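**Q** I would like to see how this sequence folds:
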Amino acid sequence: MFETIRTAWRIKELRERILFTLAMFVVFRVGSVIPVPGVDASQLVKFFQEDTIFGFLNIIGGGNLENFTIFALGIMPYINASIIMQLLQIVIPKLKDWSQDPDGRKKISQLTRYGTVLISIIQGIGYSFMIAEAVPEKSFLSYFIIVISLTAGTSFLMWMGELITEKGIGNGISLLIFAGIIAGFPIGVITIVEQVRFGQVPFYLVPVTIVILLALIVAIVGMDQGQRRISVQYSKRVVGRRMYGGQATHIPLKVNMAGVIPVIFASVIITIPQSIFKFIDHPVTQKIASSLEWGTALNTVLYTLMIILFSYFYTAVQFDPFQVAGNIRKYGGFIPGLRPGRPTAEFLGRVISKLTTVGAFALAFIAVFPIIFKGLTGMNIIFTGTGLIIVVGVVLETMKQIESHMLMRSYRGFMK
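**A** Numbers count the residues shown, from 1 in each chain. This is a model prediction of the structure:
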């Protein structure tokens, strides 16, 4: 990896892209210390450290929600809008047609931006009332400024993410989430040092934690890179005086085709009921909220089940065996030993079902292991399972993009 980075640094265009991405990170961190006008953030620290949906969003946003900066909403409204647009493509044929056309994809991107602004406004209004105790001057203008500041911050992050994708290296939105999570790394290290220093956890757990962290990283890399290659043979055909086809290729089916989306979905949805019940001042609702707190047995079980279910659901959305089988047949291909058409689709369906089972359970295990470890030892593994999966996934994807840029220039150095 380091050799690839050194080689990329020698290429002027790649060096400029890397520097531009780092400059955007600096802008992101500068914006992370600009507070929203009219809010006393000191009264919010304890609230956003609690195990609610807001604590999860605070981790993803690099502490911006806890400090209630202009980037407090983070990039999550854009992610939610993107997921909603993907789900709408299933039920609205027009959107599905747009997704298969370059001009249509531009329209979908524009609708996603509008959706991001709308979700930001709704969340901004909700947050402004939720933190009413931290707003000294309770007037319409004060709340209006809070909502506009939060919405503008998210819109700026969305624009900055698209700018990184265009002029930088990697997916801009993913890199901003990555930067937010990494920003909490020093705080995690300091917390562990303080726990050991004051005798809250034994010292021997430190090397154990490091080994476990490295093992989880290796597991995430293996899950991300793991794939089943389905051989496809294309028959020869003559067009005019030229012969086409006769080639053998393969279809790479990833073990974890859904990526980190099931973890994000499950993390957000599982904490919504707990947060709602917590705001209702009644003994029954408070008891339910306590049983659903992050790290409890019920919460962990539900979290695991939802990750598995969302993995199956999102994989089904992303991969249609009948469509793939139809494309193979359309171009004169076939899987050796199988007839084109329905038998091929059924075979692909069985394979993807087995891969999804392995990927879903592996994803769920990696996501909940840090929770179980903390429950047993009282010690964090610096990153949450969600954060670790996102960080490793973004690093791998960014390295792939760097290598693809180098391949386009036929640079032989990194092939050695």
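
**Q** CA only for contacts and neighbour counts going forward, please
**A** Will do.

**Q** what helix or strand does residue 401 sit in?
**A** According to DSSP states H and E, residue 401 maps onto helix 385-408.

**Q** Could I get the average pLDDT for that helix?
**A** Mean per-residue pLDDT for helix 385-408: 79.

**Q** Spatially nearest residue to residue 388, not counting backbone neighbours?
**A** residue 217 (7.5 Å; Cα to Cα, 6 or more residues apart in numbering).

**Q** which stretches of the stretch 51-200 of the chain form helices?
**A** Shown for the stretch 51-200 of the chain, the helices assigned by DSSP state H, counting those that start in this stretch span residues 53-60, 64-67, 76-91, 93-99, 102-130, 140-167, 172-183, 185-197.

**Q** Look up the residues forming beta bridges with residue 248.
**A** Beta-bridge pairing for residue 248 (DSSP bridges): residue 233.

**Q** Hmm, residue 332 and it touching each other?
**A** No. Using Cα atoms under 8 Å as the test, residue 248 is too far from residue 332 to be in contact (11.7 Å).

**Q** Got phi/psi on the spatially most central residue of the chain?
**A** Nearest to the geometric centre of the chain sits residue 260, at 4.9 Å (Cα atoms, centre = their mean). For residue 260, the backbone dihedrals (degrees, to the nearest 10) come out as phi -90, psi 0.

**Q** pretty sure it contacts residue 390?
**A** Yes. The pair residue 260 / residue 390 is scored as a contact, 6.6 Å apart, by Cα under 8 Å.

**Q** Give me the number of neighbouring residues for the residue nearest to residue 388.
**A** Residue 217 has 18 neighbours, counted by other Cα atoms under 10 Å.

**Q** okay, whatever helix or strand it lives in in CSV with CA atoms only?
**A** Using DSSP H and E, the element containing residue 217 is helix 205-225. Only the C-alpha atoms of helix 205-225 are listed here, as CSV (Å, rounded to 0.1, in the frame of the first residue of the first chain):
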residue,chain,number,x,y,z
LEU,A,205,-6.3,-5.8,28.0
VAL,A,206,-4.4,-3.1,26.0
PRO,A,207,-2.3,-5.6,23.9
VAL,A,208,-5.4,-7.9,23.7
THR,A,209,-7.4,-5.0,22.3
ILE,A,210,-4.7,-4.2,19.7
VAL,A,211,-4.7,-7.9,18.6
ILE,A,212,-8.5,-8.0,18.4
LEU,A,213,-8.5,-4.7,16.4
LEU,A,214,-6.0,-6.1,13.9
ALA,A,215,-8.0,-9.3,13.6
LEU,A,216,-11.2,-7.4,12.9
ILE,A,217,-9.4,-5.4,10.3
VAL,A,218,-8.1,-8.5,8.6
ALA,A,219,-11.6,-10.0,8.7
ILE,A,220,-13.1,-6.9,7.2
VAL,A,221,-10.5,-6.9,4.4
GLY,A,222,-11.2,-10.6,3.7
MET,A,223,-14.9,-10.0,3.6
ASP,A,224,-14.6,-7.0,1.3
GLN,A,225,-12.2,-8.7,-1.1
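
**Q** Can you give the contact residues for that helix?
**A** Helix 205-225 has contacts (Cα atoms under 8 Å, 6 or more residues apart in numbering) with 254-256, 259, 359, 362, 366, 381, 388-389, 392-393, 396.

**Q** now that helix against helix 185-197, angle please.
**A** 150 degrees (axes from the mean of the first three to the mean of the last three Cα atoms, to 10 degrees).

**Q** What ranges in this protein fall below the confidence cut-off?
**A** By pLDDT under 70, the low-scoring segments of the chain are 1-5, 8, 41-66, 236-246, 275, 278-279, 281, 380-383, 408-416.

**Q** Pop the domain breakdown of the chain in here.
**A** With automatic domain parsing as the criterion, the domains of the chain are listed as 1-183, 200-383.

**Q** Just give me how far the first one sits from the chain centre.
**A** It stands for domain 1-183. Offset of domain 1-183 from its chain centre (Cα atoms, centre = their mean, to the nearest Å): 12 Å.

**Q** same thing with stretch 366-380?
**A** Using Cα atoms, centre = their mean, the mean C-alpha position of stretch 366-380 is found 21 Å from that of the whole chain.

**Q** got it, and stretch 276-285?
**A** 30 Å.

**Q** What is the end-to-end distance of that stretch?
**A** 9 Å (Cα to Cα, to the nearest Å).

**Q** Same check on stretch 217-233?
**A** Per Cα to Cα, the first residue of stretch 217-233 is 36 Å away from its last.

**Q** quick one: the helix holding residue 217 to helix 385-408, angle?
**A** Per the same axes, to 10 degrees, the angle that helix 205-225 makes with helix 385-408 is 50 degrees.
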